[in-house]
Every structure is written in C-alpha cells, then in structure tokens.
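Engineer: Sequence first, then the predicted structure, then my questions.
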Amino acid sequence: GAVVSQHPSRVICKSGTSVKIECRSLDFQATTMFWYRQFPKQSLMLMATSNEGSKATYEQGVEKDKFLINHASLTLSTLTVTSAHPEDSSFYICSAEQGANTEAFFGQGTRLTVV
Amino acid sequence: DQQVKQNSPSLSVQEGRISILNCDYTNSMFDYFLWYKKYPAEGPTFLISISSIKDKNEDGRFTVFLNKSAKHLSLHIVPSQPGDSAVYFCAARGADSWGKLQFGAGTQVVVTP
C-alpha cells in the first residue's frame, strides 16, 4: 500500500513553545491530507482537512489559530501546535488517500508531550 | 455525537477461534466502511473495507459483513492468531466527505494461546 511518513514520532516540549509535525506521502501525490488526534483510550478525532494550495478546513471546536496547518506541496502537510500547553499533549496522526473510494493511509503518529 | 459506535471495549479470544467485532452507525449517508488495526504509539493500519452496495467482503482471514437496514457491520477474523492482538477501529465515510473518516472508540482484542 501507499506510504505516509510522519515526523517526529515523539516530541517533548515546554509549555508555551511551538511544535511542528510533518506528514509526507512518499510514493503518491495527495491534494488532501487529514489530521487526527487521539487521547488515551479514546477514538481518533478528525481535527482538520489540509488542502494543497489553500486554507485548511477545521472541524468544529478545533482552534485554527492554535493548530496551524500548511499544505505547501502535493506530498507535504505540516501541523504546528502553537503556544503548546499540557492539555495539548496527545497522539497526532495524519492520513492521505490516493483517490476517491480508496482506503486512507495513515502516518505513524506523533506523541506530543507538553511539560 | 458519536456516529460510529463500537460498544465492546475489549474482546478476548482463544488462538485458532473466531474473533467477531461489531460496529454500529447512525448516519445513513455513510457509504464506505473500513476496519483498521492499531498498536500503541503507531498509526492505524488498514485491514479491509466494504462499500455500501455490498453486504460482504472477504480478504484472507478477514471478512466484513454489512447490514445496511440495521446500520451494523462486523469484522470476522478466523482463525485468530496471537499477532492479531491489537485495537481494532471501525470507520465510516460519506460520499461527500472523501477522506474524512468517523471512527468508533475501538475494541481491544487479546488473542490467548
């Protein structure tokens, strides 16, 4: 299947700093990527849809100024958690699809811990 | 509101037996359903999917059944193997929401020797 790479896999940062997470589709072009968040023992919740060359679309309740998404190319989307706080500690996962009615391929996820 | 529900948080099954995971949904606009397997600190891995125009899809040890009238789907794994121990997520997607998946809460499967 298609490969989606996410980096870093784990990051610890101080409260108030910003953290950038990268999501790359390695062997296909993805005009649209998706960012999810998973809290412990809970489901994956969609945060936003990342569109190449345009603004991201955020789900209800997700602060767009806090979670900055940039989709600069057909193979790269970035999520920046700005002014991170301990409550932002979570597992962040990106996904991409090769086309309509195909399965979504997920990155490995990023464990963010804000101390 | 949770549109995809997995009401069994955990399932224990003996190696070689069948594992049956259940999933219910409420949104009749969902037209594509997927099952993912997930290990801790890793992204979900796709297992199998089914379109709403079908009622069964089989791939090796994995079979997914869809009952549209009941808004219910299930994943059968047979025979279960120790490597199947993981969290399984049911996900659904609407025709107008390409790529946007609604996930269930997951079912932790433990396969015992």
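Structural biologist: Arrived safely, thanks for sending.
Engineer: what's the spacing between A:Cys23 and B:Cys23?
Structural biologist: Distance from A:Cys23 to B:Cys23, counting by CB to CB, to the nearest Å: 27 Å. Where C-beta positions appear, they are placed from N, C-alpha and C, glycine not excepted.
Engineer: Hmm, B:Leu101 and A:Ser43 touching each other?
Structural biologist: No: counting by CB atoms under 8 Å, A:Ser43 stays clear of B:Leu101, with 10.3 Å between them.
Engineer: Looking at these two, which one has more neighbours?
Structural biologist: B:Leu101 (26 against 20; other CB atoms under 10 Å in any protein chain shown).
Engineer: Quickly list what the residue lying closest to the more buried one once chain neighbours are set aside is bridged to.
Structural biologist: The spatial neighbour of B:Leu101 that comes closest, neighbours along the chain excluded (CB to CB, 6 or more residues apart in numbering or on different chains), is B:Ala91 at 4.2 Å. Beta-bridge partners for B:Ala91, by DSSP bridges, are B:Leu34, B:Phe103.
Engineer: could you list every residue that touches B:Ala91?
Structural biologist: Applying CB atoms under 8 Å, 6 or more residues apart in numbering or on different chains to B:Ala91 gives the contacts B:Val4, B:Phe33, B:Leu34, B:Trp35, B:Tyr36, B:Leu101, B:Gln102, B:Phe103, B:Gly104.
Engineer: now the fourth one: how far from chain A?
Structural biologist: Using CB to the nearest CB, to the nearest Å, one obtains 10 Å as the distance from B:Trp35 to chain A.
Engineer: and the gap between the most centrally placed residue in chain A and A:Ser95?
Structural biologist: Centroid-nearest residue in chain A: A:Trp35, 3.7 Å away (criterion: CA atoms, centre = their mean). Distance check for A:Trp35 against A:Ser95: by CB to CB, it reads 8 Å.
Engineer: What segments of chain A are strands?
Structural biologist: A:4-7, A:10-13, A:19-25, A:32-38, A:44-51, A:57-58, A:67-73, A:76-81, A:90-96, A:105-106, A:110-114 (DSSP state E).
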